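Peer 1: after the sequence you'll find the predicted model.
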Amino acid sequence: MSGRLLWLTIVFVMMASILIFMPSIAGMRMNWLRDRLDTAAAAGIVIDGLQPAELPRAVQNDTLLATGTKVIALRKDGTSRLLAATDTQPQIDEVYDVAHTTMLASMRDALDTLFFGGDRIMRVYGPVGESDMVIELVMTDKALRLDMWKYSKTMFLLSFLISLITAVLIFFAINRMMILPIRRLTHSMQLFSEKPQDPERIFEADGSRGELAVAGRHLASMQTELQRTLKQQKNLVDLGLAVSKINHDMRNILASAQLMSDRLTDVEDPMVRSFAPKLLRTIDRAVGYTNEVLAYGQASEAAPRRRRVRLSDLCQDVREMLAIDPDAGIEFVEQIAPEVEVDCDSEQIFRVIHNLCRNAVQALLAFDPEDQSMVRRVTLSAHRVGSVVAITVDDTGPGMPRKARENLFSAFRGSARSGGTGLGLVIARELVLAHGGTIALVEKPGPGTQFRVEIPDRPVSLDDYRVRA
Ligand SMILES: Nc1ncnc2c1ncn2[C@@H]1O[C@H](COP(=O)(O)OP(=O)(O)OP(=O)(O)O)[C@@H](O)[C@H]1O
Ligand SMILES: [Mg+2]
């Protein structure tokens, strides 16, 4: 960046010099002409005062040589007097009136002389001091052009030198004021990103007022904030790990308890018989809870291993797993055509449907079992639309409670049911998203709840297709 700045400064100063060059070369040319006129005027006035009226040839030649001209004439009181002239009358190419030239015209004339002059004869005239006399010269523009070229060269060298000095000064100033602080910032960012937990690597901001100093202070506060968050995260991860370990062992202990309590059902004692099923259910619930927390603790589910699955088979498994008590009066309706297939990880989509159906059944069980007028129905339907399979789980239950609605799909917060963990919907959503699909709570007019899941088929890779074709 600093190198580019150096070059840009040189180019800009040179551009500015070219703009200044035009009027200055025009001015130089006018001064040159005026000088010649003044010298000739001084000589002319002296000659004019001499008698006889015509100078000897030798004196005329000397005067012309000294003033660098071919003809000198003086106009006075309306008459023009030839003071000195060469023998041959020169052919005039250009005429210039020094007193009445605009800036623009003189710039144009200067360029003309500079590029096309050198062997032209010009007639130049202008006033003599404050008097009303006019001095007139005829001369070649060779000397003028030569002097103009010399002047241009000096000017070019000077502007180059100025631009070089300016550029170097600007380079050092910008380097000091901007590049070095920016380097310091980027260096700190790099160091920090290598080891963000090290407090030594936080940027040391100074209290000055420049924009970069402000950026530095922002960077320092951002790094401090990030470090605090990282520390919190680490604590949470440690905590999560500890909970997972406890949970894991708890699950094993519960599994043994489950095995042992299964045997209790064989005991004849009516007391044991009455509380054994409750005990079993409680342990079952505890096992389910620990399993889900463990699954969630693994944070990322394995990527889906997709293959084509017949949806009706999958739903049959869900139904068996739900093991709805026949006495509960819950009707489970499947509206899935046998040919509907979906390209998915069967285990994961099984968990999605199972979580949704289990929620529906649990909501229906919350109704008063004595009330025969209630319709208790869970409808599981699926159909394919193009490359998407839409699965809906609909129930005639009480609908989603407000707390659950407000915390829909947020872990641990959405549960509005005693004994619920608030993980079922979160896990379902994660699995659906991993398939590139969507899950949503559908607003419906009647009572009950409806969830809709859409699973798109895996997109076909064009290259694979071509290879196969
Ligand atoms: N079909 C439904 N009808 C009524 N309420 C529902 C339905 N589905 C979910 N809910 C509400 O949403 C809450 C969150 O459901 P979610 O499955 O995430 O957690 P949970 O069922 O409480 O616990 P678990 O992690 O054991 O599934 C439930 O507590 C329940 O109040
Ligand atoms: Mg649930």
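Peer 2: Ah, there it is. Ligands and ions are numbered 1, 2, ... in the order given.
Peer 1: ok, the closest residue to residue 76 other than its chain neighbours - contacts?
Peer 2: Nearest residue to residue 76 in three dimensions, chain neighbours excluded: residue 133, at 4.9 Å (Cβ to Cβ, 6 or more residues apart in numbering). Every residue, glycine included, has its C-beta placed from N, CA and C. Contacts for residue 133 (Cβ atoms under 8 Å, 6 or more residues apart in numbering) come out as 41, 45, 74, 75, 76, 127.
Peer 1: which of the residues you listed fall within helices?
Peer 2: Using DSSP state H, 41, 45 are the members of the contacts of residue 133 that sit in helices.
Peer 1: quick one: buried ones out of the contacts of residue 133?
Peer 2: Applying 16 or more other Cβ atoms under 10 Å to the contacts of residue 133, the neighbour count classes 41, 45, 74, 75, 76 as buried.
Peer 1: report the beta-bridge partners for the fourth one.
Peer 2: Each beta-bridge partner of residue 75 is listed here, defined by DSSP bridges: residue 80, residue 134.
Peer 1: isn't residue 95 up against residue 126?
Peer 2: No: look at residue 95 against residue 126 with Cβ atoms under 8 Å: they stay out of range, at 11.9 Å.
Peer 1: who's more crowded, those two?
Peer 2: Between residue 95 and residue 126, residue 126 has the larger neighbour count (other Cβ atoms under 10 Å), namely 21 against 11.
Peer 1: and the gap between that one and residue 156?
Peer 2: The spacing between residue 126 and residue 156, counted by Cβ to Cβ, to the nearest Å, is 30 Å.
Peer 1: helices or strands up against the longest helix belonging to the chain?
Peer 2: Longest helix of the chain, by residue count under DSSP H: helix 211-264. Secondary structure elements in contact with helix 211-264, counted by 3 or more Cβ pairs under 8 Å, 6 or more residues apart in numbering; DSSP states H and E, are helix 180-194, helix 270-297.
Peer 1: next one: that helix to chain centre, how far?
Peer 2: Relative to its chain's centre, helix 211-264 lies at 33 Å (Cα atoms, centre = their mean, to the nearest Å).
Peer 1: over to stretch 350-360?
Peer 2: Worked out by Cα atoms, centre = their mean, stretch 350-360 lies 43 Å from the chain centre.
Peer 1: same thing with stretch 411-423?
Peer 2: Remark: stretch 411-423 is offset 41 Å from the chain centroid, using Cα atoms, centre = their mean.
Peer 1: phi and psi next, for the residue of the stretch 251-400 of the chain at minimum distance from ligand 2.
Peer 2: Distances between the stretch 251-400 of the chain and ligand 2 by Cβ to the ion are smallest at residue 359, namely 4.3 Å. Note on residue 359: its backbone torsions stand at phi -60, psi -40 [degrees, to the nearest 10].
Peer 1: just to check, it is in contact with residue 424?
Peer 2: Yes: using Cβ under 8 Å, residue 359 is in contact with residue 424, at 6.0 Å.
Peer 1: re the thing from before, among the contacts of residue 133, which one sits closest to residue 449?
Peer 2: Ranked by distance to residue 449 (Cβ to Cβ), those are led by residue 127 at 106.8 Å.
Peer 1: does that closest one really touch residue 76, like I thought?
Peer 2: No: using Cβ under 8 Å as the test, residue 127 is too far from residue 76 to be in contact (11.5 Å).
Peer 1: quick one: common contacting residues for the two?
Peer 2: By Cβ under 8 Å, 6+ apart, the residues touching both residue 127 and residue 76 are 133, 134.
Peer 1: where in the stretch 51-200 of the chain is pLDDT low?
Peer 2: 51-53 (pLDDT under 70).
Peer 1: which stretches of it form strands?
Peer 2: Under the criterion DSSP state E, counting those that start in this stretch, the stretch 51-200 of the chain contains strands at 71-76, 79-85, 94-97, 121-127, 134-140.
Peer 1: can you list those strands in CSV and add distance to ligand 2?
Peer 2: Output for the strands of the stretch 51-200 of the chain, formatted as CSV (distance: least, Cβ to the ion, whole Å):
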stretch, distance to ligand 2
strand 71-76, 116
strand 79-85, 119
strand 94-97, 102
strand 121-127, 105
strand 134-140, 108
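Peer 1: so of these, which one's packed in deepest?
Peer 2: For the strands of the stretch 51-200 of the chain, the stretch with the most neighbours on average is strand 134-140, a mean of 22; neighbours defined as mean count of other Cβ atoms under 10 Å.
Peer 1: poorly predicted segments of the stretch 201-350 of the chain, please.
Peer 2: 244, 248, 251-252, 289, 296-301.
Peer 1: okay, now residue 58: neighbour count?
Peer 2: Neighbour count of residue 58, defined by other Cβ under 10 Å: 8.
Peer 1: check contacts around it.
Peer 2: Going by Cβ under 8 Å, 6+ apart, residue 58 touches no other residue.
Peer 1: ok so, going back, would you format the buried ones among the contacts of residue 133 as a markdown table with distance to residue 268 included?
Peer 2: Converted to a markdown table, the buried ones among the contacts of residue 133 look like this (distance: Cβ to Cβ, whole Å):
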| residue | distance to residue 268 |
| --- | --- |
| 41 | 148 |
| 45 | 154 |
| 74 | 153 |
| 75 | 152 |
| 76 | 155 |
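Peer 1: farthest pair in those residues?
Peer 2: The largest separation in these, counting by Cβ to Cβ, is between 45 and 75 at 12.4 Å.
Peer 1: put the alpha carbons of stretch 321-330 into PDB.
Peer 2: What follows is stretch 321-330, C-alpha atoms only, in PDB (Å, rounded to 0.1, in the frame of the first residue of the first chain):
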ATOM      1  CA  MET A 321     -43.200 -48.200  19.900                       C
ATOM      2  CA  LEU A 322     -45.900 -45.900  21.100                       C
ATOM      3  CA  ALA A 323     -47.800 -49.000  22.500                       C
ATOM      4  CA  ILE A 324     -51.000 -47.000  23.100                       C
ATOM      5  CA  ASP A 325     -53.100 -48.500  25.900                       C
ATOM      6  CA  PRO A 326     -56.200 -50.000  24.200                       C
ATOM      7  CA  ASP A 327     -58.300 -48.900  27.200                       C
ATOM      8  CA  ALA A 328     -57.300 -45.200  26.700                       C
ATOM      9  CA  GLY A 329     -59.800 -44.800  23.900                       C
ATOM     10  CA  ILE A 330     -57.200 -43.200  21.600                       C
END
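Peer 1: can you tell if it touches ligand 2?
Peer 2: No: using Cβ under 5 Å from the ion, stretch 321-330 never reaches ligand 2; the gap is at least 12.0 Å.
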